[in-house]
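> Give me the fold of what follows.
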Amino acid sequence: MTSRRGERNWQNARAVLQTSERAEASNDRLGVGVAARLSRYLQVLTQSKKMGKDRISSQEIADYTNINATQIRRDLSTFGKFGKRGVGYNIDSLLGEIRKILRTQGQHNVALVGAGRLGQAIASSPIFAEHGINIAAVFDTDPEKVGREVGSMPVSDYRQLRDAVREKNIIVGVIAVPADSSQEVADELVAAGVKIIFNYSEALLDVPHDVQVHTSNPAVELLHALYFHLT
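Coordinates of the predicted model:
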């Protein structure tokens, strides 16, 4: 027979669980892991559509992302019923739904700092436009680069960065300069009002707590891949 104390403990635990579930349901902000996985699904879907496919299975997504197919189905079922067993997912429909979930509909303006080889590759890539990311301005300190076109954008003088960020409602700054110049660029972006910085340098950036920094380092990603290959 259950003791009164045990029953009270069980009731308290159930109340806490229900409160937690309600809070989670009312909070539409995604966890970091879910957002990262959905972004990878979005990449696979975008490329699959470009390849002429109109449907895709969870196993195919798993093959491209190295994420377990069960996890993929669990992630997607959290937000609705998108696929059918044995038929898979309609790519156009799922693309639209994931973009809604990730709030990537519409256009987001980006400032690119650095018009060297890396900056040129970034500015010329069609990948950003496919996801609603618009490189609205490109900057450099080199007088020989200023005025030239990178991608479809003329390179502006770095001293114009603050004004351009405000005038063009730029929310993201991309740093494609050497590591020893990255902190100075980050400071300038923060001063201009940018809240998200994508850092292609090796520098560890010091920014205010309300500014997000995402660093892309191919060497780190390669080490990560090698670890799972060699162990």
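> Now name the helix or strand holding the spatially most central residue of the chain.
By C-alpha atoms, centre = their mean, the mean C-alpha position of the chain lies nearest to S39, the distance being 6.2 Å. Using DSSP states H and E, S39 sits within helix 32-50.
> I'd like the average pLDDT over that helix.
Throughout helix 32-50, pLDDT has a mean value of 91.
> what does stretch 154-163 give?
On average, stretch 154-163 scores 97.
> For that stretch, which outside residues touch it?
111, 113, 115, 137-141, 145-149, 164, 188-189, 191-192 (C-beta atoms under 8 Å, 6 or more residues apart in numbering). (C-beta placed from N, C-alpha, C; glycine too.)
> switch the cut-off to 7 Å
111, 115, 137-141, 145-148, 164, 188, 191-192 (C-beta atoms under 7 Å, 6 or more residues apart in numbering).
> Where do the strands of the protein begin and end?
55-56, 83-84, 88-90, 108-113, 133-140, 149-150, 153-157, 172-175, 196-199, 212-215 (DSSP state E).
> by contact count, what packs against the first one?
Contacts defined by 3 or more C-beta pairs under 7 Å, 6 or more residues apart in numbering; DSSP states H and E place strand 55-56 against strand 88-90.
> Outline the domain layout of this structure.
Here the domain assignment for the chain is 32-102, 108-220, based on automatic domain parsing.
> on that earlier part again, and the closest residue to the residue nearest to the centre of the chain other than its chain neighbours, how far from H131?
Counting by C-beta to C-beta, 6 or more residues apart in numbering, S39 lies nearest to L102, which is 6.7 Å off, once chain neighbours are set aside. To H131, L102 is 9 Å away according to C-beta to C-beta, to the nearest Å.
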